[in-house]
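Trainee: sequence first, then the predicted structure, then my questions.
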Protein chains: 2
Amino acid sequence: MIDLEGRVKLGEGAGGEMMQELLKKRVLPLLGNRSGDPFGIPPDLLDDSTAWDDTAFTIDGHTVWPLIFPGGDIGSLAVTGTVNDLAVVGAVPERIALSMVIEEGLSYDELDRILSSVGEVSRKCGVEVVTGDTKVVESGGVKGMFISTAGIGTRHPSLDRCLAGDDMGRMGPGCRWLRDDRLKVGDRIILTGSVGDHGISLLSFREGYGFETEVASDLAPLTGLMDAAISAGGVYAAKDLTRGGLSNGVNELSQKSRTGILLHEEAIPVKEPVRSACDMLGLDPYEIGNEGKAVLAVSRKRVDEVISAVRSVDEGKDAVVIGEVTDRYERVVLETAVGGRRIMDPPYGDPIPRIC
Amino acid sequence: MIDLEGRVKLGEGAGGEMMQELLKKRVLPLLGNRSGDPFGIPPDLLDDSTAWDDTAFTIDGHTVWPLIFPGGDIGSLAVTGTVNDLAVVGAVPERIALSMVIEEGLSYDELDRILSSVGEVSRKCGVEVVTGDTKVVESGGVKGMFISTAGIGTRHPSLDRCLAGDDMGRMGPGCRWLRDDRLKVGDRIILTGSVGDHGISLLSFREGYGFETEVASDLAPLTGLMDAAISAGGVYAAKDLTRGGLSNGVNELSQKSRTGILLHEEAIPVKEPVRSACDMLGLDPYEIGNEGKAVLAVSRKRVDEVISAVRSVDEGKDAVVIGEVTDRYERVVLETAVGGRRIMDPPYGDPIPRIC
């Protein structure tokens, strides 16, 4: 075991607390700051996408292993991940840039399958791959292939109307997008479907646990779902659940908005195979990544309309209200079926590496 | 030696002919096509950046090894590479997205140095890192660290004036940027300084050949240089010389513009240590990458003004006219000091891997 004192650790790239620390203590200070914000961290810098004027912009590195898995591959994952990061801030994704780093010796068959997936998912989401870069490194320089995808989108045409119903002072020049820091007491939290599917599917397939037939990745673009939600109106924040799962998503919302969130455990859908796999492996299903689910923070007054709209889309047919924003707590609290309450801390490190 | 039949080869990521084949035969057809261009390849898709309206967009993967080298590191390289790809199409770079994939065990010291370089070069170029993504993979999953950088820029304010002097039918809605396919007979080719510095410096340092003190990487952002050139006017195409070096750059211009180019060998600056290293190692200095040089195609009438403007910038102080666009040939032809002529074919594969 290599001594990792003074060195980068696996968990620091996992989307949880360790990564937030790496970013806040090391990455952001060293990169320097943005004009007008000499010491603080701009609220959108750690959001799913950044935005200015009517443009949203994001980038994601994809290191999933194996490259091809039940329900997708690194190509479909790369496009979906980037499209979803744009969709959840209220953008309509339009253009993708594709940076591939390939290990010498990767078979053309695999490459073709992956590239075809990029094309297929792009067409499905209405985005175009407009530019790219290809590097090949020596065998051993990378395990298989990495894809980084940057995406550009424009502000959803109904976003003004979506945000306009707000009566809690969230509007204004700084609030033209869906943002993690916009939650207000009384907002309802919608979860668009079952949690943990992608991570458990991948882990099972990769490690050969043998329950891969029972759970497939939920990899899916959320463009249609977000379009429906925004058009219904009253949505103020959204996060797609990836690394760190539901737990990471709701904790980011809670921390950035400086509000408590109360979740009702019995309302959170977890598929039976995911639950048993987690039991078997000692994993918390709320910390396991998805690739086709989101949480939405929605005005109490509009929650019925938004739930109906989200359920009308295939990717959101199992959407449920799982909790609400509260000032009774300062953190995320999970209320169990029998009325017990416990704090849901964000994951610290990485329960399952290389799932995205 | 692994049999690479049916598999990706190192040279296919090298920027030369092999990569063009991979892109044209495999990548672009599988990704699908853009609207209105059912079977062809849009001319800008293989240019340094793509562009629409007043926006330019690019992405680059950086896999340089070692991560820190004389004259720079993967951080400064990543920002510079992306900034330069924007500058050479006539954009003013504004925003950078940073995707890092880090090997577990990379020292914080190295990471800090690299991140500081990203910050420093960004400030120097007037760009901001506005969004990012961090992944950490297991030891052996990547050798060191890769950085993919996407960049967005806006059209240079003097670009209209720069292109307006043209009397050869190059203007129009399709010609709002500097493009590889815009060369016309009579244009002069300017090279902004000596070739091969970056590649030879890196190779020498990496392999321990021991002449590293004699040649440093020429890594430098070309924003100031391109600003000067565009402001002087009469520039129609520009390429920064990276993988595949001068040879690759001028051949891309020639092929995309369907014109011949005659270069005068004695005019091409090659530093003495680069020349002797190439002699020793059997390398062609014209095929060795730079990271702070460009070729410009300039109207014959404006060439004196452009040369003066470029030379007024530190990065362009050794700029020279090295040739002209001609219809006497259909390819790139090199005229030697004694009047002999030979075809300068683009590099096929990769003389020096992982230099960028």
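Mentor: Now that the structure is in, tell me what you want to look at.

Trainee: now the helices for chain A?
Mentor: Assigned by DSSP state H, chain A shows helices spanning A:17-22, A:28-31, A:74-87, A:108-125, A:159-164, A:197-207, A:223-232, A:245-257, A:272-281, A:303-311.

Trainee: tell me the mean pLDDT over the last one?
Mentor: Just to be clear, that refers to helix A:303-311. Averaged across helix A:303-311, pLDDT comes to 98.

Trainee: can you check the shortest one too?
Mentor: The average of the pLDDT scores along helix A:28-31 is 88.

Trainee: which strands and helices lie in contact with it?
Mentor: Helix A:28-31 is packed against helix B:108-125, with contacts defined by 3 or more C-beta pairs under 8 Å, 6 or more residues apart in numbering or on different chains; DSSP states H and E. Quick note: C-beta positions are derived from backbone N, CA and C, even for glycine.

Trainee: and the helix it packs on, average pLDDT?
Mentor: If you average the pLDDT values across helix B:108-125, you get 96.

Trainee: A:K293: neighbour count?
Mentor: 31 (other C-beta atoms under 10 Å in any protein chain shown).

Trainee: the longest strand in chain A is where?
Mentor: Taking DSSP state E as the assignment, the strand of chain A that covers the most residues is strand A:91-103.

Trainee: low-confidence ranges, the stretch 201-350 of chain A, go.
Mentor: Across the stretch 201-350 of chain A, the ranges flagged by pLDDT under 70 are A:210-213.

Trainee: residue in it nearest to chain B?
Mentor: Among residues of the stretch 201-350 of chain A, the one nearest chain B by C-beta to the nearest C-beta turns out to be A:D350. It sits 8.1 Å away.

Trainee: about what we covered before: distance to A:V325 and mean neighbour count added to the helices of chain A, as TSV?
Mentor: Output for those, formatted as TSV (distance: least, C-beta to C-beta, whole Å; neighbours: other C-beta atoms under 10 Å in any protein chain shown):
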stretch	distance to A:V325	mean neighbour count
helix A:17-22	21	20
helix A:28-31	27	20
helix A:74-87	22	29
helix A:108-125	30	20
helix A:159-164	16	17
helix A:197-207	26	25
helix A:223-232	17	24
helix A:245-257	7	24
helix A:272-281	26	16
helix A:303-311	12	20
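
Trainee: and of those helices, who's closest to B:T223?
Mentor: Distances from B:T223 to each of the helices of chain A were compared by C-beta to C-beta, and the smallest falls on helix A:28-31, at 18.4 Å.

Trainee: then that closest one to CSV, C-alphas only?
Mentor: This file holds the C-alpha atoms of helix A:28-31, laid out as CSV (Å, rounded to 0.1, in the frame of the first residue of the first chain):
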residue,chain,number,x,y,z
LEU,A,28,-9.8,27.3,-6.6
PRO,A,29,-7.2,29.4,-4.7
LEU,A,30,-4.4,28.3,-7.0
LEU,A,31,-6.4,28.9,-10.2
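
Trainee: that one: how far from the chain's middle?
Mentor: Taking C-alpha atoms, centre = their mean, to the nearest Å, one finds the center of helix A:28-31 at 23 Å from the center of the full chain.

Trainee: repeat that for stretch A:90-106.
Mentor: 17 Å.

Trainee: hmm, it in reach of chain B?
Mentor: Yes. Figure legend: stretch A:90-106 in contact with chain B (C-beta under 8 Å from any C-beta of the partner chain); contacting residues A:95, A:97-106.
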